[in-house]
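**Student:** sharing a model prediction with you, sequence too.
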2 protein chains.
Amino acid sequence: MAVKSTGIRDVAKLAGVSVTTVSHVLNDTPHTRVAEETRARVREAAKTLGYGPNRAAQALRTNRSGLIGLLSEEIATTPHAGRIILGAQNAAREHDLTLVIINTDRESGPNSHKDDVQALIDRQVDAVLYATMYHRMVSLPPNLQGLPTVLIDSTDKAGIVPAAVPDEVGGAIAAVTHLVKAGHTRIGFLNNDDDVPATHGRLEGYRSVLAKHEIPYDAALVLSAPSETLPGYELAREILSRSDRPTALFCYNDRMAMGAYRAATELGLGIPDDLSIVGFDNQELIAANLFPGLTTVALPHYEMGAWAVDTLVRLLHGEADRKLLADEPTLLDCPLVIRGSVAAPHAD
Amino acid sequence: MAVKSTGIRDVAKLAGVSVTTVSHVLNDTPHTRVAEETRARVREAAKTLGYGPNRAAQALRTNRSGLIGLLSEEIATTPHAGRIILGAQNAAREHDLTLVIINTDRESGPNSHKDDVQALIDRQVDAVLYATMYHRMVSLPPNLQGLPTVLIDSTDKAGIVPAAVPDEVGGAIAAVTHLVKAGHTRIGFLNNDDDVPATHGRLEGYRSVLAKHEIPYDAALVLSAPSETLPGYELAREILSRSDRPTALFCYNDRMAMGAYRAATELGLGIPDDLSIVGFDNQELIAANLFPGLTTVALPHYEMGAWAVDTLVRLLHGEADRKLLADEPTLLDCPLVIRGSVAAPHAD
DNA sequence: ACGATTTGCCAATACGTTTTGGCCACTGAG
DNA sequence: CTCAGTGGCCAAAACGTATTGGCAAATCGT
């Protein structure tokens, strides 16, 4: 605290060169020529002094803060946001960038979003990540114009910004294929009833697997409701009470699956012996704590966060073409997480 | 992007004063005298130009980055961290500070922690928040010396740093009192078996409520196991199978409570009619999705985050005494969240 | 051996603030 | 009328870095 921290000047003095040279060496400035021996001496000096550049000075000079803002909806309620943050944070660190996080309230409308963006602009972030808490379409606050931006878990209505989203179709395919491979042919699907990409994508995946295995699609096996535990319970209760009940359920998410567990228990159906269940989301708190553990599909939150930062960096370096990327959202893999809720169907 | 953003100079020019004056006015520099009329003119000019200070320049000059680092364990796995972040973030914004988050891996030992701290130091944070994912004692990385620090959800072995922790005892008191008020006298306690403050504090709270209501303490009603769903299930199964089974269970956390739900269901005990349950942690994903909803005790993660930032600011401003604060961790309230898992005991 | 080219380095400036140490003009006291 | 005091403002320096435009010395070609 008392001592002035070491600056580039001290390094220069110790190495017996000018600050210019130190700067050149430490930044590998291209098109500049300094003898290898000198470079070594400078680096040596920097190391022994424990020199690290003063970010503020650097920022002032170069007009780049090294900050990237992560605008995230409701970090609060969902563990998913945590995974995004983690992925973004690690990637940022890799690139020597610093992540600053602003929580934005989905409730409070676009004005609030604008304020949040402004807060980031005031802090002079070099770029921003815009993350929603579930996969949907958004329109971006106008003051984001001109600031490099990448979307996470959402796609831009205007189609002008690169985005990473989960491969909903692929995830559903993995889930249902897993059931089919286990021998199931009567597979119920408890779907969400919102008009969001996941609803359609997962249904598409479900159907495509059936088609591929020449299992006829039976509309009676596909039910919809809000994607909560209670509706999941009710739907499951209904479908499992039928005489021709399915031997397996694919649930839109783990919460609905949790409801299905209860329904199964109440109806005296053992999991996985009498009923196989696959969920979606891989909410550890649910999936790992149900009994038996819930086999489910993981959303690539970590990967989306990391991809977003990497992409941002590539954009900033001009190594990627924004238009090209923005054209179509990038799909990231939704891997199946196998626990204990799937078995072969009864041979009754 | 093309235009240079407005600086203090532009404001000065527009207001017809010197940059010095602008700086004085905009910062309310004490001991400096400038006519009220001039002040108004300056502020006016700043507003019409939409002036905001260049943080980098400010940081360079004042040696304060306006950043505060949040070192958090495993943002990944727990939604709790999200609440801490949110609380800290909002408080930081209030004070015009920026929160930067570093995830630190609990597995990878103290060396990694040191690196993480170093990463923050390199970024020249003004202070750091150190958050653990559950309430315990820690020893701080040595390079945190000299950097103002506040602990969240943990206490410092050396007792030298202020800390905010949940009031475990108070939370348990609220929970058990709730059961007693409902008419229960035989209350089982499924406790954790780790040697952490929560284990002891919650037991203490449990006992104190019994004592206060002159209910004899029965050691047979207190069982311990790792605080997971499965052990919770096993413990509950055991205690509920007894002929003199308790009419209510206080569970160390929501995961154990989730296990207890299953045990109750299997034994044909209805919740809350045949058995009342109270959990701890208020993990929404579990508590709100069980049926019936789990009455539980919320941990003050948001509040700890906010308190920590506020305290840090007070320390930086010299408005609080570190030694005084460090002497004893500050206890934050753990409020009871009432859902549907508690009722009066059977009159059988 | 001599000019031309390249190699290796550096001095000086700018980035946008905050802060120090005044200077000037006006006031009131003597 | 003069002089100390004070209210209102400002010029200039500093913070630590990146960058521009060079200037010597070394190397090369002939």
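**Tutor:** That came through fine.
**Student:** switch to C-alpha atoms for all contacts and neighbour counts from now on
**Tutor:** Will do.
**Student:** ok, A:G205 to DNA strand C distance?
**Tutor:** Look at A:G205 and DNA strand C: by CA to the nearest atom of the strand, to the nearest Å, they are 53 Å apart.
**Student:** in what helix or strand does that residue lie?
**Tutor:** Secondary structure assignment for A:G205, by DSSP states H and E: helix A:197-212.
**Student:** chain center to stretch A:197-205, what's the gap?
**Tutor:** 18 Å (CA atoms, centre = their mean, to the nearest Å).
**Student:** ok, stretch A:243-258 next?
**Tutor:** On the basis of CA atoms, centre = their mean, stretch A:243-258 sits 25 Å off its chain's mean C-alpha point.
**Student:** quick check: end-to-end length of that stretch?
**Tutor:** One end of stretch A:243-258 to the other measures 22 Å (CA to CA, to the nearest Å).
**Student:** let me know whether it sits next to chain B.
**Tutor:** Yes. Counting by CA under 8 Å from any CA of the partner chain, chain B is contacted by stretch A:243-258 at A:255, A:258.
**Student:** go through that stretch and flag the buried ones.
**Tutor:** The neighbour-count check on stretch A:243-258 (16 or more other CA atoms under 10 Å in any protein chain shown) flags A:245-258 as buried.
**Student:** got JSON lines for these, with pLDDT and secondary structure too?
**Tutor:** What follows is the buried residues of stretch A:243-258, written out as JSON lines (pLDDT from 0 to 100; DSSP: H, G, I helix; E, B strand; the rest coil):
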{"residue": "A:R245", "pLDDT": "97", "secondary structure": "coil"}
{"residue": "A:P246", "pLDDT": "97", "secondary structure": "coil"}
{"residue": "A:T247", "pLDDT": "97", "secondary structure": "coil"}
{"residue": "A:A248", "pLDDT": "98", "secondary structure": "strand"}
{"residue": "A:L249", "pLDDT": "98", "secondary structure": "strand"}
{"residue": "A:F250", "pLDDT": "98", "secondary structure": "strand"}
{"residue": "A:C251", "pLDDT": "98", "secondary structure": "strand"}
{"residue": "A:Y252", "pLDDT": "98", "secondary structure": "coil"}
{"residue": "A:N253", "pLDDT": "97", "secondary structure": "coil"}
{"residue": "A:D254", "pLDDT": "97", "secondary structure": "helix"}
{"residue": "A:R255", "pLDDT": "96", "secondary structure": "helix"}
{"residue": "A:M256", "pLDDT": "98", "secondary structure": "helix"}
{"residue": "A:A257", "pLDDT": "98", "secondary structure": "helix"}
{"residue": "A:M258", "pLDDT": "97", "secondary structure": "helix"}
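**Student:** ok, the residues you listed vs DNA strand C, which is closest?
**Tutor:** A:N253 (49.4 Å; CA to the nearest atom of the strand).
**Student:** which outside residues touch the helix holding A:G205?
**Tutor:** Contacts to helix A:197-212, defined as CA atoms under 8 Å, 6 or more residues apart in numbering or on different chains, come from residues A:135-136, A:168-173, A:176-177, A:189, A:191-193, A:216-217, A:252.
**Student:** could you identify the helix or strand that succeeds that helix?
**Tutor:** Using DSSP H and E, the helix or strand that follows helix A:197-212 in sequence is strand A:222-225.
**Student:** can you dump the C-alpha atoms of that next one in CSV for me?
**Tutor:** Written as CSV, here are the backbone C-alpha positions of strand A:222-225 (Å, rounded to 0.1, in the frame of the first residue of the first chain):
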residue,chain,number,x,y,z
VAL,A,222,-48.4,-36.3,-26.7
LEU,A,223,-49.9,-34.0,-24.0
SER,A,224,-49.2,-30.4,-23.3
ALA,A,225,-49.3,-28.3,-20.2
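**Student:** for that strand, packing partners?
**Tutor:** strand A:187-192, helix A:229-241 (3 or more CA pairs under 8 Å, 6 or more residues apart in numbering or on different chains; DSSP states H and E).
**Student:** mind redoing it with 10 Å?
**Tutor:** strand A:187-192, helix A:197-212, helix A:229-241, strand A:248-251 (3 or more CA pairs under 10 Å, 6 or more residues apart in numbering or on different chains; DSSP states H and E).
**Student:** quick one: the longest one to strand A:187-192, angle?
**Tutor:** Which is helix A:197-212. Helix A:197-212 runs at 170 degrees relative to strand A:187-192, counting by axes from the mean of the first three to the mean of the last three CA atoms, to 10 degrees.
**Student:** kindly report the same for the third one.
**Tutor:** Per the same axes, to 10 degrees, the angle that helix A:229-241 makes with strand A:187-192 is 160 degrees.
**Student:** what residues of helix A:229-241 count as buried?
**Tutor:** Result for helix A:229-241 [16+ other CA under 10 Å]: buried residues A:229-237, A:239-240.
**Student:** that one and chain B, any residue contact?
**Tutor:** Yes. Counting by CA under 10 Å from any CA of the partner chain, chain B has neighbours in helix A:229-241: A:229-230.
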